[in-house]
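Asker: Show me how the following folds:
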Amino acid sequence: MKVLIIGGAGYIGSHVAREFLDRGHSVAVFDNLSSGLRDNLFPEASFIHGDILDPVSLARAMAGGFDALVHLAAFKAAGESMLKPEKYSVNNITGTLNILNAAAEAGVKRVIFSSSAATYGEPKYLPIDEDHPTEPENYYGFTKLEIERFLAWYDKLKGMRFAALRYFNAAGYDVKGRLSGLERNPANLLPVVMETAIGMRPKVQIFGNDYDTKDGTGVRDYVHVSDLAVGHVAALDYIAKNDKSLTVNLGSESGISVLELVEAARRITGRPVPADIVGRRPGDPAKLYASSKRARELLGWTAEHSDVDTLVKTSWDAYLKNAKGR
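Answerer: Numbers count the residues shown, from 1 in each chain. Okay, the predicted model is just below:
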């Protein structure tokens, strides 16, 4: 199929683009490079420099005739979204409506949307499945849930089939080592640990060690980005074959603790990775991880590379490659 990947120069988007190319699809990447990197572009894929807030550039891009699009062009910092909701409203919501309107006009009938398990909010039970109540606790999660609702209406009114993929923490780098463009200003734990190991940061902060978990530190769901990329392709295959939409979790189903990840980084990198225990952050639950039963049943998807060692090793390889480049 001919696939337009919006946000395809970013961290997750570039891995998704690589997977579609590996499966023999024709790929075009649409990106404004505000956070994406030219290093993440592939010669086999065409590149369109454009912005989702510019309906004209979207219309021109989609005039190329695509069988499907993948939407990964959202701001994603949960904390920032609570301080700057207007920024997230404009980019995530207005930008998405621009995408959907351009797609409807161009006759693009399949959309893969990078949603988030932040749509669920505080866990009522674990693992979180797709029937869990959706009560976002940050504005970022709210925008993702609203986009899912828009997609449901465009499905009903325009026949636009979609897959909304809900996942927590994307981590790691291409298991074959073909991608190593580092995220700009990362806030997630594993990049912070890697920056500490490589010497870009003095230490890691661990927020609380008195939770009801195996080692007292918070447990979170980390999914290898290569696994996520496979999930995007599998989702497109599903909606193309069945002509119906779906909402599905892509999760590890077990979770990794903060201390477990830090200790794996020390072991694999051979670096000390200093860490300070500080107070809990308000609103942080002890455990947070998703069920992927529906993804297994409908997509044949499992998190094959999401063990802690693979997450850390592929990340460390990418950071070392960048360090050598400098």
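Asker: Would you mind giving the domain segments of this protein?
Answerer: Using automatic domain parsing, the domain parsing of the chain gives 2-171+223-249, 189-221+253-325.
Asker: and among these, the most buried is which?
Answerer: domain 2-171+223-249 (a mean of 20; mean count of other C-beta atoms under 10 Å). Heads up, the C-betas are built off the backbone N, CA and C, glycines and all.
Asker: So what's the gap between that one and the chain middle?
Answerer: 9 Å (C-alpha atoms, centre = their mean, to the nearest Å).
Asker: rewinding a little: please tabulate the domains of the chain in a markdown table, including the columns distance to Gly177 and mean pLDDT.
Answerer: Below are the domains of the chain laid out as a markdown table (distance: least, C-beta to C-beta, whole Å; pLDDT from 0 to 100):
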| stretch | distance to Gly177 | mean pLDDT |
| --- | --- | --- |
| domain 2-171+223-249 | 11 | 97 |
| domain 189-221+253-325 | 6 | 95 |
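Asker: Can you tell me which of these is nearest to Leu182?
Answerer: domain 189-221+253-325 (5.6 Å; C-beta to C-beta).
Asker: May I see the domains of the chain arranged in JSON lines, with distance to Leu179 as well?
Answerer: As requested, those are arranged in JSON lines below (distance: least, C-beta to C-beta, whole Å):
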{"stretch": "domain 2-171+223-249", "distance to Leu179": "6"}
{"stretch": "domain 189-221+253-325", "distance to Leu179": "7"}
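Asker: hmm, who's touching the helix or strand Ser81 falls within?
Answerer: Assigned by DSSP states H and E, Ser81 belongs to helix 78-83. For helix 78-83, the surrounding residues in contact (C-beta atoms under 8 Å, 6 or more residues apart in numbering) are 75, 87-88, 118, 138-141, 143, 187.
Asker: Show me the strands in the stretch 1-150 of the chain, by range?
Answerer: 2-6, 26-31, 46-49, 68-71, 110-114 (DSSP state E, counting those that start in this stretch).
Asker: need the contact list for Thr96.
Answerer: Here Thr96 is in contact with 52, 71, 74, 147, 150 (C-beta under 8 Å, 6+ apart).
Asker: out of the domains of the chain, which comes closest to Arg178?
Answerer: When the domains of the chain are compared (using C-beta to C-beta), the closest one is domain 2-171+223-249, at 6.5 Å.
Asker: before we move on, the earlier item: among the contacts of Thr96, which ones are in helices?
Answerer: Under the assignment DSSP state H, the contacts of Thr96 contribute 147, 150 to helices.
Asker: Output the contacts of Thr96 as TSV; include the columns distance to Val29.
Answerer: Converted to TSV, the contacts of Thr96 look like this (distance: C-beta to C-beta, whole Å):
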residue	distance to Val29
Ile52	13
His71	13
Ala74	16
Ile147	20
Phe150	23
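Asker: Where do the helices of the stretch 151-300 of the chain begin and end?
Answerer: Ranges of helices in the stretch 151-300 of the chain, per DSSP state H, counting those that start in this stretch, are 189-198, 225-242, 258-269, 293-299.
Asker: Looking at the ones you listed, spot the one closest to Ala170.
Answerer: helix 225-242 (4.8 Å).
Asker: how about the closest one as PDB, C-alpha atoms only?
Answerer: This file holds the C-alpha atoms of helix 225-242, laid out as PDB (Å, rounded to 0.1, in the frame of the first residue of the first chain):
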ATOM      1  CA  VAL A 225       9.700   1.000  19.800                       C
ATOM      2  CA  SER A 226      10.400  -1.800  17.300                       C
ATOM      3  CA  ASP A 227       7.400  -3.700  18.800                       C
ATOM      4  CA  LEU A 228       5.200  -0.600  18.400                       C
ATOM      5  CA  ALA A 229       6.300  -0.300  14.800                       C
ATOM      6  CA  VAL A 230       5.100  -3.800  14.100                       C
ATOM      7  CA  GLY A 231       1.800  -3.000  15.800                       C
ATOM      8  CA  HIS A 232       1.200  -0.100  13.500                       C
ATOM      9  CA  VAL A 233       1.700  -2.200  10.400                       C
ATOM     10  CA  ALA A 234      -0.500  -5.100  11.900                       C
ATOM     11  CA  ALA A 235      -3.200  -2.500  12.700                       C
ATOM     12  CA  LEU A 236      -3.300  -1.300   9.100                       C
ATOM     13  CA  ASP A 237      -3.400  -4.900   7.800                       C
ATOM     14  CA  TYR A 238      -6.400  -5.500  10.100                       C
ATOM     15  CA  ILE A 239      -8.500  -2.600   9.100                       C
ATOM     16  CA  ALA A 240      -7.700  -3.100   5.400                       C
ATOM     17  CA  LYS A 241      -8.700  -6.800   5.600                       C
ATOM     18  CA  ASN A 242     -11.800  -6.400   7.900                       C
END
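Asker: and the angle for that helix with strand 110-114?
Answerer: 150 degrees (axes from the mean of the first three to the mean of the last three C-alpha atoms, to 10 degrees).
Asker: re the thing from before, for the contacts of helix 78-83, could you give me TSV that also reports distance to Val27?
Answerer: Putting these into TSV (distance: C-beta to C-beta, whole Å) gives the following:
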residue	distance to Val27
Phe75	23
Lys87	29
Tyr88	28
Ala118	27
Asn138	32
Tyr139	32
Tyr140	27
Gly141	29
Thr143	26
Ala187	28
